[in-house]
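Participant: just coords:
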């Protein structure tokens, strides 16, 4: 019983000793635990005459190590406001739905319009090159691209309205 009381008293003394030096209660708790772990390990191997003095000595060395480590790698407080860079699950789902709508709209286009649109917008071919390859004039190529974009926008807008209706 007396030994437990003295250990608690020593723990409190070491805690206050470390807090005064670190000004960090969380770090002080960790350093007190480490101090006792090292103190007990040392006591198993050797006879300790003055347990309190050895405890303060170990604690002081741990405080020094603590500040050395902080200089090597600065610590930043965690902030709950830092956003995760990965998209949210809702955004992933919405993107997949838009891709599906886009794919269905492409499949529903007349073959020539789809071919012109894919060549121009997805493969980056020039209007002149598409016109030469498909034996048409550049104005016709541009009209196919415009009509394809209009159709895609209509289909995406319809899908968004359906989604909004389901959520309401």
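Facilitator: Sure thing, it's come through. All values reported here derive from a predicted model rather than from experimental measurement.

Participant: does the residue nearest the centre of the chain count as helix, strand or coil?
Facilitator: For the chain, residue 84 is the residue whose C-alpha lies nearest the centre (C-alpha atoms, centre = their mean; 3.6 Å). Secondary structure of residue 84, reduced to three states by DSSP: H, G, I helix; E, B strand; the rest coil: coil.

Participant: any idea how the chain splits into domains?
Facilitator: By the assignment in automatic domain parsing, the chain contains the domains 2-72, 89-167.

Participant: I'd like the distance from the first one to the chain centre, please.
Facilitator: The reference is to domain 2-72. 36 Å (C-alpha atoms, centre = their mean, to the nearest Å).

Participant: now the helices for the protein?
Facilitator: For the chain, applying DSSP state H gives helices covering 2-22, 25-45, 51-72, 89-108, 111-117, 127-134, 138-167.

Participant: counting contacts, what elements does the longest one pack onto?
Facilitator: With contacts defined as 3 or more C-beta pairs under 8 Å, 6 or more residues apart in numbering; DSSP states H and E, the packing partners of helix 138-167 are helix 89-108, helix 111-117, helix 127-134. Backbone N, C-alpha and C define where each C-beta goes, glycine included.

Participant: so which of those helices is nearest residue 70?
Facilitator: Distance to residue 70, taken as C-beta to C-beta, is lowest for helix 89-108 among the helices and strands packed on helix 138-167, at 37.0 Å.

Participant: from residue 17, how far off is residue 35?
Facilitator: To residue 17, residue 35 is 9 Å away according to C-beta to C-beta, to the nearest Å.

Participant: shared neighbours of those two, anything?
Facilitator: residue 59 (C-beta atoms under 8 Å, 6 or more residues apart in numbering).

Participant: no more questions from me, cheers.
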